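Q: return a 3D structure for these sequence lines:
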Amino acid sequence: MKCAITEFQQEQKKRMRSVQDAMDALSGKWKIAIISSICCYGKRRFSDILNDVEGVSNRMLSKELKELELNQLVKRTVLPTQPITVEYELTEHGNTLQRIISELSDWGTVHRNKIIGK
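A: So this is what the prediction gives:
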């Protein structure tokens with residue numbers, strides 16, 4: 001006989017699905033760092049983000065920014081300048097990540113201190 005799934009179990013499955021959705025939108029080595037750059041400085045040009053995110057290549061940054069746009073976390077604006085300037089900023093939905101980025105930064109500081117013994 002199959003046991004009925006309890007309300008608690010259903011809620012836990014729902015939470016796990018939500019975590020997976022978040023991980024899918026933010027997965028990859030660079031997305032959190034890209035979002036952090038834009039969080040810290042506001043509107044950023046491609047070259048600014050490239051300088052902020054140590055180790056990311058032009059190609060990978062372009063790919064990650066496109067995925068962040070598809071997930072409606074980042075907005076790309078082409079400015080009518082000569083040469084053309086492209087700026088990236090967080091969308092209203094992307095701005096909801098600022099608190100999470102701040103908490104992740106705080107955790108990272110504590111973790112680094114714990115690991116290196118400070």
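Q: burial of N95, as a residue count?
A: If you count neighbours by other CB atoms under 10 Å, N95 ends up with 13. C-beta coordinates here come from the backbone N, C-alpha and C atoms, glycine included.
Q: how about the helices of the protein, start to end?
A: Remark: helices assigned in the chain by DSSP state H are 7-26, 31-41, 46-52, 58-70, 92-95, 98-116.
Q: of the ones you listed, give the one that comes closest to T81.
A: Closest to T81 of the helices of the chain is helix 46-52 (CB to CB; 13.7 Å).
Q: got the contact list for the closest one?
A: Contact with helix 46-52 is made by 33-34, 36-38, 40-41, 44, 56, 58, 61-62, 65, 86, 88, as judged by CB atoms under 8 Å, 6 or more residues apart in numbering.
Q: out of the residues you listed, which comes closest to N113?
A: Within the contacts of helix 46-52, the smallest distance to N113 is 19.2 Å, found for S36 (CB to CB).
Q: tell me the pLDDT of the spatially closest residue to that closest one that is not a sequence neighbour.
A: For S36, ignoring the flanking residues on the chain, the nearest one in space by CB to CB, 6 or more residues apart in numbering is I101 at 5.4 Å. We note a pLDDT of 93 for I101 in this prediction.
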